[in-house]
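Asks: Below is the sequence, then the predicted model.
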Amino acid sequence: MILFDDFTMEGKNPIYQQIVIYLKRRVAAGSITNGDELPSRRMLSALLSVNPNTVQKAYRILEEEGLIQSHSGAKSVMVVDEETIARIRGQLAEEEAGQLVSAMRAMGISREEAHRLIDRYWENG
């Protein structure tokens with residue numbers, strides 16, 4: 001069962017998007033694999049103290065993207081293969097990099113300074 005013990009809500013995105021991103025990041029990191037079972041919608045909504053419709057919306061998005069498979073009356077499971085991992089990793093990297101570059105440009109940070117910052121944080125991990 002996929003645990004959400006390290007899930008923390010942030011203020012900028014709707015909670016359903018945060019659930020989707022959380023699961024995608026864990027897939028990209030390899031900590032979620034094919035066939036891993038998700039908590040029921042009701043269980044996750046209670047665990048996160050959110051409306052069940054919020055979890056339903058997140059699960060529906062993941063189903064539409066082919067990342068989870070649900071059957072009525074049965075558990076929902078992750079559907080993940082190497083191609084899916086690569087696609088998600090690329091998608092998340094593009095989105096995060098785009099946001100970072102936009103924020104740095106807005107602050108007037110040069111490309112060289114941005115590279116130095118990224119290198120420093122990359123090394124200090």
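Replies: Alright, I've got the coordinates.
Asks: after the helix or strand harbouring Val55, next one along is what?
Replies: Counting by DSSP states H and E, the element that carries Val55 is helix 52-64. Once the chain leaves helix 52-64, the next helix or strand it forms, by DSSP H and E, is strand 68-69.
Asks: Just to check, Ala28 is in contact with Glu95?
Replies: No: if you go by C-beta atoms under 8 Å, Ala28 and Glu95 don't touch, sitting 11.5 Å apart. Just so you know, the C-beta spots here come from the backbone N, C-alpha and C atoms, and that holds for glycine as well.
Asks: of those two, who's got more company?
Replies: Ala28 (19 against 12; other C-beta atoms under 10 Å).
Asks: Below-threshold pLDDT in the chain: ranges please.
Replies: Filtered on pLDDT under 70, the chain yields no residues whatsoever.
Asks: quick one, strands of it?
Replies: Taking DSSP state E, the strands of the chain run over residues 68-69, 77-78.
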